[in-house]
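>>> Model the structure of this input:
(chains A and B)
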Amino acid sequence: MSTFLGGISTLSLARWQFGITTVFHFLFVPLTIGLGLLVAVLQSAYYKTKDPAYDRMTRFFGKLFLVNFAIGVVTGIVQEFQFGMDWSRYSTFVGNIFGAPLAIEALLAFFMESTFLGIWIFGRGRVSDRIHLSAIWLASLGTILSAAFIVAANSWMQHPVGFTIDPVSHQAVMTNFWAVVTNSTFLLAYGHVLFSAFLTGAVFMLAIAAWHLRKGHDLAGFAKAARIAIVATLITAVGTMFLGDSQAKQMTQQQPMKMAAAEALYNSANGASFSLLTIGDLSGNPVFQVRVPHVLSILATNTWNGNVKGINQLQKEATAKYGAGSYVPVIWVLYWTFRIMVGLGILLFILGGAGLWLMKRKRLEQSKRFLRFASWMLLAPFIANSVGWIFTEIGRQPWVVYGLLKTSDAVTIISPGYVAASLVGFTSVYTLLAIVEIGLMIRLAKVPTPVLDGDEAESLPELIY
Amino acid sequence: MLGLLSTSPSGLEQLWFGLITVLWLGYFFLEGFDFGVGILMPFVSKDDLDRRVAINTIGPVWDGNEVWLLTAGGATFAAFPLWYATVFSGFYLALFVLLAALIFRGMAFELRHRGSAAAAVWWDRAIFWGSALPALLWGVAFADFVHGVPLGANATWTGTFFDLVKPYALLGGLATLSLFTLHGATYLGLKSGGEVRDRAQRIAQWWAPLTFVVVTAFLGWTYLTAHSRHEVGLVPPLLPIVGVAVLGAVSWMVRERLEGWAFIGTAIAILAFFTTLMLNLYPDVLVSSISPSDTLTIAGTASHRYTLEVMSWVALIFTPLVLLYQSWTYWVFKKRVTRPGASSEPVSTTI
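Numbering: from 1, shown residues only, chains lettered A, B, ... in the order given. Got it, this is the predicted structure:
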């Protein structure tokens, strides 16, 4: 493998590029999915009740939704093409199976979301209210569908099913499409991704509504938005955690090394305990740990004394099965990303629960402490989404397709200079986008949609863009 | 050894080569005028309001049009994995430039009207370059597919970035650049009102003959070299002739202000242009300029039968639906876009 600047290989550059572009893209995608649905709910509430407060909320959060949607779209184009650019040997190997969901995603989901969003943005006042409302629901459905196909593709990489290896071309070849789209890994992962996306939208809406409530802006409107968001936060936090727990058990079966590395469990154990945190290194001799007995066994196997395999034993099994080499992913990354993800999930569950409790006692708008807490939680779902994917993807290493293709065999054979150039290029472009985007979001989020008097007619702009 | 052995493509593989051709045609027909509008925006406007009129003619549809690219890319990945993998890794830096251009252009459409006047100046540059660069690069890429790239055994690239920019490819790039610009001009003639419409028509009047010359040169070159390279392959002279003849007619139509006909004319020219290239390519998908035995073919890069069958069913069921609602969008936004206050007239239905 050729190297660049004294030792940086194409492989590591390509991995950094994929990591950076994908994590960046996925900062915005869950918000698109979650906020799209919530905006549709707000608009439906307005359609039913004709309460202008819901209309203001639809417009206010709709604006933020659109700005966020735009960056998701443009960074999404890169996602589809960089498989071919940096991972051409992967693309050739998996194209028979992996390409199909990508093509179907574009045909079923992307056309739907982009077309109906166009109708929604430009159709206000030009199409009937009913069609305008249908447009946002169809766009939202498009975003929800798009997640299905890409998660199906990813789940196949985690747990390949419905395929055979062609003896001549050595490509993975699809034998059962139904098996691919009903992959057990996919069903749980899709639920988890979807719930966490809705959670992201709900917490985003709650955090911003709470900020305005604290500032005393449009109390009628933002209180309504906050109530919807609190209920959504609680439901989706529970759903995310419940599915995540099922995924942990499935992962123990399908990718035991990921589970062992998540706990830095070196040797197999019955009734294994779970460490909440570790001070010192994770090489098996911690300086200080807080341990909860039996929890790892419950998490991994659903039994009090269940056996959880350790890294050393799994490494030995893997070398026997796949040949020499290291099959251990980067342990500290897995250990901490897992804890940050789970910890933030629990925190958001508390946020939703506390909010509901205050709602029941009709003290929501008065509780400055809760409102401040809610605003501070704005970034939590974004961090949780990112570390969750970093955990899933790093935890599968050294494989890109589990048990079939190693990441080092997947990368394009290309001079590292090219990859370095595009890595610097994409990172600069994305940094610039982030500055513009976040600046605009903050500006828009701070200005509430003006409250109009009853006889003041809303004026529709003739030019939208 | 990858399945590079050259055999003749099966019916299903031919169908998918055809479907991918259709996806690219759809993409270039639709995003062709988006690119054209973006390229012409600085030249059809005297102030910010004019620029917004131009942008709003494609506002509700540009994103849906770009999905044709994603679908073409995804379909190529699924149906011809080795073609997808080889093209996108080989055109590495060119593709990076293209993606960056599309990123800035898309962001500009969505964010320009929300920012300050100072920021709008930058967004306008993003729209112009973000439209002009892809319009040029797509022509370069498709010309390279046909005339070949330095491809060695096992689909490995042996050349550099500069092997992609040979005279034939550059002429291809200029041809698509001028063609899409003209397509944008006829679209603006049809969809905008007032001064913007008039300026677009005036530009089309001298741009159309220029496009005619460039496209004739490129298609002529393509046709004359086709026979010498292909033992098999489809090189019907009718298609390039139709493309060139229609462009000649468009030059006359824009003078006569036959707006609807002129737009149909540029659309047919684009379809004839890319169909010529794709038929020239058949039964190959990426020609090796080094040795004919390393040329990628339809049969050598195609997915297995089962994948193609599944994909065919999906395409059969959902493509009509997509076409239906996407056409409906154009019907919903059929009015001309004008400066606020000007009376907006519907597009003449008598073309």
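
>>> Going by residue numbers, what spans are strands in the stretch 301-450 of chain A?
Secondary structure of the stretch 301-450 of chain A (DSSP state E, counting those that start in this stretch): strands located at A:307-308, A:399-401, A:405-406.

>>> Quickly, which of the ones you listed bottoms out on average pLDDT?
Least confident of the strands of the stretch 301-450 of chain A, judged by mean pLDDT, is strand A:307-308 with a mean of 91.

>>> which outside residues touch that one?
With contacts defined as Cβ atoms under 8 Å, 6 or more residues apart in numbering or on different chains, strand A:307-308 is touched by A:252, A:259-260, A:263, A:265, A:268-270, A:272, A:296-297, A:300-301. Where you see a C-beta, it was placed from the backbone N, CA and C, and this is true even at glycine.

>>> Where neighbours are concerned, which of these has the most?
The most crowded member of the contacts of strand A:307-308, judged by other Cβ atoms under 10 Å in any protein chain shown, is residue A:260 (31 neighbours).

>>> wouldn't that one be in contact with residue A:314 here?
Yes: using Cβ atoms under 8 Å, residue A:260 is in contact with residue A:314, at 5.8 Å.

>>> Right, and chain A sits closest to which residue of the stretch 201-350 of chain B?
residue B:340 (4.0 Å; Cβ to the nearest Cβ).

>>> Give me the three-state assignment for that residue.
Using DSSP: H, G, I helix; E, B strand; the rest coil, the structure places residue B:340 in coil.

>>> Just give the number of residues close to it.
Number of residues near residue B:340 (other Cβ under 10 Å) recorded here: 11.

>>> That one: what's it in contact with?
Residues near residue B:340 by Cβ under 8 Å, 6+ apart: A:461, A:462, A:463, B:49.

>>> Quick one: low-confidence residue ranges for the chain.
Chain wasn't specified; assuming chain A. A:1-7, A:454-459 (pLDDT under 70).

>>> nope, chain B
Ranges of chain B meeting pLDDT under 70: B:1-7, B:227-234, B:342-351.

>>> ranges for the strands of it?
B:284-286, B:296-297 (DSSP state E).

>>> okay, those strands in TSV with distance to residue A:237 and mean neighbour count next?
TSV is the format used below for the strands of chain B (distance: least, Cβ to Cβ, whole Å; neighbours: other Cβ atoms under 10 Å in any protein chain shown):
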stretch	distance to residue A:237	mean neighbour count
strand B:284-286	49	25
strand B:296-297	50	24
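
>>> Select the longest helix from the chain.
I'll assume chain A. helix A:10-49 (DSSP state H).

>>> The chain in question should be chain B.
Using DSSP H, we find that the single longest helix of chain B is helix B:194-229.

>>> In that helix, which residues are buried?
By 16 or more other Cβ atoms under 10 Å in any protein chain shown, the buried positions in helix B:194-229 come out as B:194-197, B:199-201, B:203-204, B:207-208, B:211-212, B:214-216, B:218-219, B:221-223, B:226, B:229.

>>> Out of the strands of the stretch 301-450 of chain A, indicate the one that is most buried.
strand A:399-401 (a mean of 23; mean count of other Cβ atoms under 10 Å in any protein chain shown).

>>> Mind listing residues that contact that strand?
Residues outside strand A:399-401 that contact it (Cβ under 8 Å, 6+ apart) are A:87, A:90, A:93-94, A:156-157, A:160, A:172, A:405-407, A:409-410.

>>> Which of the residues you listed sits closest to residue A:248?
Residue A:248 has its nearest neighbour among the contacts of strand A:399-401 in residue A:157, at 18.7 Å by Cβ to Cβ.

>>> Do I have it right that residue B:109 meets residue B:127?
Yes: counting by Cβ under 8 Å, residue B:109 touches residue B:127, with 7.2 Å between them.

>>> So for those two, which sits in the more crowded spot?
The neighbour comparison of residue B:109 against residue B:127 (other Cβ under 10 Å) goes to residue B:127, with 26 against 23.

>>> Tell me where the stretch 101-250 of chain A has helices.
With DSSP state H, counting those that start in this stretch as the criterion, the stretch 101-250 of chain A has helices at A:111-123, A:129-158, A:177-181, A:184-215, A:219-254.

>>> and the second one, does that touch chain B?
Just to be clear, that refers to helix A:129-158. No: using Cβ under 8 Å from any Cβ of the partner chain, helix A:129-158 never reaches chain B; the gap is at least 8.6 Å.

>>> Identify the nearest residue to residue 105 in space, disregarding sequence-adjacent positions?
Using chain A here. Closest residue to residue A:105 apart from its sequence neighbours, by Cβ to Cβ, 6 or more residues apart in numbering or on different chains: residue A:149 at 3.6 Å.

>>> Wait, chain B was what I had in mind.
Distances taken as Cβ to Cβ, 6+ apart place residue B:130 nearest to residue B:105, at 2.7 Å, with adjacent residues excluded.

>>> rewinding a little: out of the strands of the stretch 301-450 of chain A, which is closest to residue A:119?
Distance to residue A:119, taken as Cβ to Cβ, is lowest for strand A:399-401 among these, at 39.1 Å.

>>> and residue A:224, what does it touch?
So residue A:224 contacts A:45, A:51, A:53, A:54, A:57 (Cβ under 8 Å, 6+ apart).

>>> how close does it sit to chain B?
25 Å (Cβ to the nearest Cβ, to the nearest Å).

>>> circling back to that earlier point, other SSEs contacting the longest helix of chain B?
helix B:48-58, helix B:117-147, helix B:167-191, helix B:238-256, helix B:259-281 (3 or more Cβ pairs under 8 Å, 6 or more residues apart in numbering or on different chains; DSSP states H and E).

>>> do that again at 6 Å, thanks
Contact here means 3 or more Cβ pairs under 6 Å, 6 or more residues apart in numbering or on different chains; DSSP states H and E; on that basis helix B:194-229 packs against helix B:48-58, helix B:167-191, helix B:238-256.

>>> Would you mind telling me which of these is nearest residue A:228?
Taking those one by one with Cβ to Cβ, helix B:48-58 is closest: 32.7 Å.

>>> Convert the C-alpha atoms of that closest one to CSV, please.
What follows is helix B:48-58, C-alpha atoms only, in CSV (Å, rounded to 0.1, in the frame of the first residue of the first chain):
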residue,chain,number,x,y,z
ASP,B,48,-31.5,41.3,-7.5
LEU,B,49,-35.2,41.0,-8.3
ASP,B,50,-34.4,39.8,-11.9
ARG,B,51,-32.0,37.2,-10.5
ARG,B,52,-34.7,36.0,-8.1
VAL,B,53,-37.1,35.7,-11.0
ALA,B,54,-34.6,33.5,-12.8
ILE,B,55,-34.0,31.3,-9.8
ASN,B,56,-37.7,31.0,-9.0
THR,B,57,-38.4,29.5,-12.5
ILE,B,58,-36.6,26.4,-11.3
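
>>> Check which residues of it are buried.
Across helix B:48-58, burial judged by 16+ other Cβ under 10 Å covers B:49, B:50, B:51, B:52, B:53, B:54, B:55, B:56, B:57, B:58.

>>> how much space between the first one and residue B:123?
Going back to what we said before, that points to residue B:49. In this view, residue B:49 and residue B:123 are 15 Å apart by Cβ to Cβ, to the nearest Å.

>>> Which single residue of chain B ends up nearest chain A?
For chain B, Cβ to the nearest Cβ, closest residue to chain A: residue B:81, 2.1 Å.
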